[in-house]
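# can you look at this prediction? I've put the sequence above it.
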Amino acid sequence: MLDSVTNLSSLLKDPSLLCTKAYVAGQWVGADDGTTFPVTNPARGDVICEVPNLGRAEVARAIAAAEVAMKEWAARTGKERAGVLRKWFDLMMANQDDLGKILTAEMGKPLAEAKGEVAYGASYVEWFAEEAKRVYGETIPGHQRDKRITVIKQPIGVVGSITPWNFPNAMIARKVAPALAAGCGFVARPASETPLSALAMAVLAERAGVPGGLFSVCTSKRASDIGKEFCENHAVKKLTFTGSTEVGRILLRQAAEQVMKCSMELGGNAPFIVFDDADLDAAVAGAMVSKFRNNGQTCVCANRIYVQAGVYDAFSKKLAEAVAKTTVGDGLSEEVNFGPLISEDAVEKVEEHIADALKKGAKIEMGGKRHALGGTFFEPTIMTGITPEMVISHEETFGPLAPLFKFETEEEVIALANNTIFGLASYFYARDIGRITRVQEALEYGMVGVNTGLISTEVAPFGGVKQSGLGREGSRHGMEDYLEMKYICLSV
Ligand SMILES: NC(=O)C1=CN([C@@H]2O[C@H](COP(=O)(O)OP(=O)(O)OC[C@H]3O[C@@H](n4cnc5c(N)ncnc54)[C@H](OP(=O)(O)O)[C@@H]3O)[C@@H](O)[C@H]2O)C=CC1
Ligand SMILES: O=C(O)[C@H](O)CS(=O)(=O)O
């Protein structure tokens, strides 16, 4: 346990992984104007360190360097690129403990969960090291006797990346791995709350043999400026973003100017449905994972829990018993299940959702207020009597609040579950095969968990429909977002 995270490096086997410089064009640098911004530990509020507050000029240099470096990188074979990515994977796993401690210190999630995220992020690097060798084209029978048609895939070009604070390692890994596998250059701008994980990844990328300039990490508080540089710089051919739908809209508008290819992983509002034929213990275990993973701060967390009338009371009781066994505390302490929320704003959003629901007739079954530890710690909360009129039914809470809605029929709950502009993740528990088939097909979401609350894996296409995003990340499909298709017609 630390008396303060200001001596985080004393906890690390390799203190050189804790960086206070940005990684631009293969160099470890400060901002041109010398400015920095603090990275704070949300559990204690103390400052871990300062990092450079880069502006558009530095990001433009990173983009230019990536454009140059990718010419040689793209000329390598897929197998050669795979070898470097595999080495990077090996280094990430060999340094999992340190990367986990850095992640917990800047983001707050419990160390076990942070180390799990490091392994999750590394799994994308491992997966796309393999996919790098399988960028296949095709031949097509000619439309005329003297025509020979082929289709080849080529790297799209320099990629600009903007990622959120809630998975500061995995959200970058899920983007940079396929980009490098495809032969692209990559400029990352991590969330200002959590830049240290990205910088540590860059240290290991350099050691793995990723060529200088190909991959940059530009730390900055000037989010809007960096976004504009990505959208306006003609050397950037692809923008990949993970974050809220409202920021996604801003970026899409900006990128439209040069008709830039965009991948968007945006907000969610996941329904979690428990039918009366469900295995209730399994459903409670699934709800604990889906609702409370990362303290509810993921876009795929259950945001609305619908329980059929016949099992509503039993489920509510079992869920409360499960939540009562959890521990809230500093993520660097052993046995902690829930760390702090990322910010005071995040706590206030949870309080607003609770207050609105109470005003409209809901009841608190447990929790419902800030934790005795103070700061941004919050009691895991269960509310019953939730109705569609409440704000929580159409706004993402992004916190440890489990709202239980009661429903009567399958048709009713499908309509309720689909009544949202979002379409990212959804979950339901049932055992009747007819019901399972009908419901999995009726839910308007990019991803459906059936009798499971955890669906995130590198082998499957992660992404949403409606206003939850564009494109997919992970799986063999994840490469497509970083490749351009070229049709060649040869007249012989
Ligand atoms: N679909 C998915 O996979 C995911 C979706 N999300 C969604 O994101 C939200 C929570 O994450 P949060 O980080 O608060 O989301 P935000 O959208 O506020 O921020 C995401 C990133 O965008 C940056 N940013 C903010 N405004 C701009 C701008 N105008 N131009 C360029 N970049 C900008 C932020 O910078 P700064 O650091 O300065 O704030 C941050 O790095 C939730 O809605 C959640 O559902 C989150 C994770 C994954
Ligand atoms: O991979 C996941 O589980 C999600 O992407 C986490 S996030 O989208 O909320 O960051």
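Here it is on my side, so go on. Ligands and ions are numbered 1, 2, ... in the order given.
# for the rest of this, base every contact and every neighbour count on C-alpha atoms.
Will do.
# residue ranges with poor pLDDT in this protein?
1-6 (pLDDT under 70).
# ok, now which ones touch the most centrally placed residue in it?
By Cα atoms, centre = their mean, the chain has its centre lying nearest to residue 171, at 4.3 Å. If you count contacts by Cα atoms under 8 Å, 6 or more residues apart in numbering, residue 171 has them with 121, 163-164, 242.
# show me where the chain has its helices.
56-75, 78-94, 96-107, 111-131, 170-182, 196-208, 223-232, 245-256, 280-292, 312-324, 344-359, 410-418, 433-442 (DSSP state H).
# now the ones you listed in a markdown table, with distance to ligand 2?
Formatted as a markdown table, those follow (distance: least, Cα to the nearest ligand atom, whole Å):
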| stretch | distance to ligand 2 |
| --- | --- |
| helix 56-75 | 24 |
| helix 78-94 | 18 |
| helix 96-107 | 12 |
| helix 111-131 | 8 |
| helix 170-182 | 6 |
| helix 196-208 | 14 |
| helix 223-232 | 18 |
| helix 245-256 | 12 |
| helix 280-292 | 10 |
| helix 312-324 | 21 |
| helix 344-359 | 14 |
| helix 410-418 | 19 |
| helix 433-442 | 20 |
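# need the ones you listed in a markdown table (columns: distance to residue 21).
Below are the helices of the chain laid out as a markdown table (distance: least, Cα to Cα, whole Å):
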| stretch | distance to residue 21 |
| --- | --- |
| helix 56-75 | 13 |
| helix 78-94 | 20 |
| helix 96-107 | 15 |
| helix 111-131 | 21 |
| helix 170-182 | 18 |
| helix 196-208 | 8 |
| helix 223-232 | 17 |
| helix 245-256 | 27 |
| helix 280-292 | 34 |
| helix 312-324 | 41 |
| helix 344-359 | 27 |
| helix 410-418 | 45 |
| helix 433-442 | 47 |
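# of all these, which one is nearest ligand 1?
helix 223-232 (3.7 Å; Cα to the nearest ligand atom).
# that closest one vs helix 56-75, what angle?
Relative orientation of helix 223-232 and helix 56-75, computed by axes from the mean of the first three to the mean of the last three Cα atoms, to 10 degrees: 40 degrees.
# list the buried ones in helix 223-232?
223, 226-227, 229-232 (16 or more other Cα atoms under 10 Å).
# so what's residue 486 up against?
151-154.
# now swap in residue 108 and tell me
Counting by Cα under 8 Å, 6+ apart, the residues that residue 108 touches are 41-43, 330-331, 339-342.
# same question, residue 335
Residue 335 sits next to residue 327 when contact means Cα under 8 Å, 6+ apart.
# still on that earlier bit, just give me the closest of the contacts of residue 171 to residue 474.
Lowest distance from residue 474 to the contacts of residue 171 (Cα to Cα) belongs to residue 121, with 10.6 Å.
# wait, that closest one touches residue 175, no?
No: with contact defined as Cα atoms under 8 Å, residue 121 does not count as touching residue 175 (9.8 Å).
# who's more crowded, the two?
residue 175 (30 against 26; other Cα atoms under 10 Å).
# name the residue most distant from the centre of the chain?
Most peripheral residue of the chain (Cα atoms, centre = their mean): residue 145, 49.9 Å.
# dump the contacts of residue 171 to JSON lines, plus distance to residue 128.
JSON lines is the format used below for the contacts of residue 171 (distance: Cα to Cα, whole Å):
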{"residue": "121", "distance to residue 128": "11"}
{"residue": "163", "distance to residue 128": "19"}
{"residue": "164", "distance to residue 128": "22"}
{"residue": "242", "distance to residue 128": "19"}
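# and which of these is nearest ligand 1?
Nearest to ligand 1 among these, with distances taken as Cα to the nearest ligand atom, is residue 164, at 3.8 Å.
# burial check on the closest residue to the closest one other than its chain neighbours, number of neighbours?
Using Cα to Cα, 6 or more residues apart in numbering and skipping residues adjacent in sequence, the residue nearest residue 164 is residue 191, 5.1 Å away. For residue 191, the tally of surrounding residues (other Cα under 10 Å) stands at 21.
# same question for residue 353.
With other Cα under 10 Å as criterion, residue 353 counts 19.
# for it, give me its contacts.
So residue 353 contacts 391-392, 397 (Cα under 8 Å, 6+ apart).
# among the residues you listed, which one lies nearest to ligand 1?
residue 397 (8.6 Å).
# these two touch, right, the closest one and residue 349?
Yes: between residue 397 and residue 349 there is a contact under Cα under 8 Å: 6.7 Å.
# who has more neighbours out of these two?
Legend: neighbour count by other Cα under 10 Å for residue 397 and residue 349, higher for residue 397 (29 against 16).
# so who does the more buried one touch?
296, 303, 349-350, 353.
# returning to what we had before: gap between the residue nearest to the centre of the chain and residue 227?
17 Å (Cα to Cα, to the nearest Å).
# that older thread, return only those of the contacts of residue 171 found close to ligand 1.
Contacts with ligand 1 within the contacts of residue 171, as defined by Cα under 6 Å from any ligand atom: 163-164, 242.
# most surrounded residue in those residues?
residue 163 leads the ones next to ligand 1 among the contacts of residue 171 on contacts (other Cα under 10 Å) with 25 neighbours.
# distance of that one relative to residue 197?
Residue 163 is 12 Å from residue 197, by Cα to Cα.
# ditto for residue 318
37 Å.
# with residue 485 instead?
33 Å.
# looking at these two, which has the bigger crowd around it?
Between residue 485 and residue 197, counting by other Cα under 10 Å, residue 197 is the more crowded of the two (29 against 13).
# tell me who's in contact with that one.
99, 102-103, 168-169.
# just residue 436 next, same as before
Counted by Cα under 8 Å, 6+ apart, residue 436 has contacts 430, 450.
# burial of the closest residue to ligand 2 within the chain, as a residue count?
Nearest residue of the chain to ligand 2: residue 298, at 3.2 Å (Cα to the nearest ligand atom). The tally of other residues near residue 298 (other Cα under 10 Å) stands at 22.
# likewise the one 4 residues further on?
Close neighbours of residue 302, defined as other Cα under 10 Å, add up to 33.
# thought it was touching residue 270?
Yes: contact criterion Cα under 8 Å: residue 302 and residue 270 qualify, at 4.8 Å.
# please tell me how far residue 145 sits from ligand 1.
According to Cα to the nearest ligand atom, to the nearest Å, residue 145 stands 48 Å off from ligand 1.
# residue contacts, residue 276?
307-311, 430.
# kindly reformat the contacts of residue 397 as a markdown table containing distance to ligand 1.
Formatted as a markdown table, the contacts of residue 397 follow (distance: Cα to the nearest ligand atom, whole Å):
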| residue | distance to ligand 1 |
| --- | --- |
| 296 | 10 |
| 303 | 10 |
| 349 | 12 |
| 350 | 13 |
| 353 | 15 |
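# as CSV, those with distance to residue 420 would be great.
Formatted as CSV, those follow (distance: Cα to Cα, whole Å):
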residue, distance to residue 420
296, 19
303, 12
349, 19
350, 19
353, 17
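# now, among these, which is nearest to residue 246?
residue 349 (16.1 Å).
# which parts of stretch 159-177 are buried?
159-177.
# let me fix that, I meant to ask about stretch 266-284.
266-276, 278, 280, 283-284.
# among those, which ones lie close to ligand 1?
Contacts with ligand 1 within the buried residues of stretch 266-284, counted by Cα under 6 Å from any ligand atom: 266-268.
# which among those residues are in contact with ligand 2?
Applying Cα under 6 Å from any ligand atom to those, none is adjacent to ligand 2.
# list, one by one, the residues from the protein near ligand 1.
162-165, 190-193, 221, 223-224, 227, 242-244, 247, 265-268, 298-299.
# can you list the domains in this protein?
The chain breaks down by the TED database into domains covering 8-266+468-489, 270-450.
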